[in-house]
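# missing the sequence, but the structure's below:
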């Protein structure tokens, strides 16, 4: 089960990196739309609205990318908090078709297995 947890950690890291990359590219698009809004004499309102939307989606992708990357790193280190956080992220990833759904199903299968639970439990101290 350790190999599945490590693979899930790598997949979460890759998914997070993709989110961060997409967030960065949308941030660049927001900058371009804001520049058009400042310099174009015609549709400044439409360009400003577009820049705002790009900025909101860039922030959402950046936060979700960071969260997935943190969860992946935590899974590789067998942190109990990362297991719970990954399960919460898996619920959200279910709605990101098709890759997020596949990642979420794999995360549920791996992390809800009894052997995986045992790996994340802390030993009881006397």
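Right, received. Where do you want to start? Everything numeric in this text was worked out from a predicted model, so none of it was measured. Numbers count the residues shown, from 1 in each chain.
# and residue 22, what does it touch?
61, 65 (C-beta atoms under 8 Å, 6 or more residues apart in numbering). Glycine gets a C-beta too; all of them are placed from N, C-alpha and C.
# in which helix or strand would I find it?
helix 2-39 (DSSP states H and E).
# how about residues contacting the helix or strand of the chain with the lowest mean pLDDT?
Counting by mean pLDDT, DSSP states H and E, the weakest-scoring helix or strand in the chain turns out to be helix 114-120, with a mean of 89. Contact with helix 114-120 is made by 1, 2, 4, 5, 78, 79, 80, 83, 110, 111, as judged by C-beta under 8 Å, 6+ apart.
# what of stretch 98-109?
Counting by C-beta under 8 Å, 6+ apart, 8, 11, 12, 15, 86, 87, 89, 90, 91, 93, 94, 95 sit against stretch 98-109.
# repeat that with 10 Å
For stretch 98-109, contacts defined as C-beta atoms under 10 Å, 6 or more residues apart in numbering pick out 4, 7-8, 11-12, 14-15, 18-19, 64, 68, 71, 75, 83, 86-87, 89-96, 116.
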